[in-house]
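*Asks:* What would the 3D arrangement of this be:
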Amino acid sequence: MIRIDPRSPRLVAAGTAIILAVAACTSATTDDDAGAATDAIEGAVASTAPEPASTTTGEAAAEASWLDISLADARTGETFTLASLGGGVVAIEPMAIWCTNCRSQQDRVKEVYGDIEASGVTFISLGIDPGESPEQLARYADRLGYEWTFVQSSTELSRALADRFGPSILSPPSTPLIVLDAAGAVARQEFGTHSPSQVLEILAEAA
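*Replies:* Sure, this is the predicted structure:
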């Protein structure tokens, strides 16, 4: 059982306010007086209500939710979550097969992918066009020699990304990039194409 000290200053003050408000209510002779007394009671009760939870708790929960959505490697079918990749930097590139900007950026990544892989960074191209399939993504990646992981986004993940980062994150031509640090927190969010050296710098900063 939790015991509350009756001598607590906050409890005494709240109790006093309520008693005075009740007294005002019982002695009121007009509707206006009664309304004022009722407001006083409500104010006294509200003063004892617990503080609202910090919004950072909700933000952390939202962050965890999209990191825990299941993904499947387009080539192997192996399932994983972004949260399961914790311990190292993870780069996520929302893209589409038809997007020429995406292909241009992926060609730049290809130039330095050996360095990216050697540094322990996990690079993921995330297909966000619902009209494309994992099989198409796999053929696209193999044909162009992109050796990193390709996955097809689910409706659930796409909605979660839009809620977390805004709708622009689902626009492939804007060449979005999300970088998670080793703790799974968002370290960088980028738009626009980057040179091979800039890609390495962005990933190095997140590490």
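
*Asks:* any weak-confidence spans in this protein?
*Replies:* 1-64 (pLDDT under 70).

*Asks:* hey, where'd the strands end up in it?
*Replies:* Ranges of strands in the chain, per DSSP state E, are 71-72, 79-80, 90-95, 122-127, 149-152, 177-180, 186-190.

*Asks:* Single out the most deeply packed of those strands.
*Replies:* Mean neighbours per residue, mean count of other Cβ atoms under 10 Å, is largest over those for strand 90-95, with a mean of 25. Glycine gets a C-beta too; all of them are placed from N, C-alpha and C.

*Asks:* Turn the strands of the chain into a markdown table, including distance to Arg143.
*Replies:* Shown next, in a markdown table, are the strands of the chain (distance: least, Cβ to Cβ, whole Å):
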| stretch | distance to Arg143 |
| --- | --- |
| strand 71-72 | 20 |
| strand 79-80 | 24 |
| strand 90-95 | 15 |
| strand 122-127 | 14 |
| strand 149-152 | 12 |
| strand 177-180 | 23 |
| strand 186-190 | 26 |
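
*Asks:* closest one to Pro167 among the ones you listed?
*Replies:* Across the strands of the chain, Pro167 has its closest neighbour in strand 90-95 (11.4 Å, Cβ to Cβ).

*Asks:* what's the angle from the closest one to strand 186-190?
*Replies:* Orientation check (axes from the mean of the first three to the mean of the last three Cα atoms, to 10 degrees): strand 90-95 against strand 186-190 gives 30 degrees.

*Asks:* outside of strand 90-95, which residues touch it?
*Replies:* 82, 102, 105-106, 109, 116, 121-128, 153, 161, 169-170, 172, 175-180, 203, 206 (Cβ atoms under 8 Å, 6 or more residues apart in numbering).
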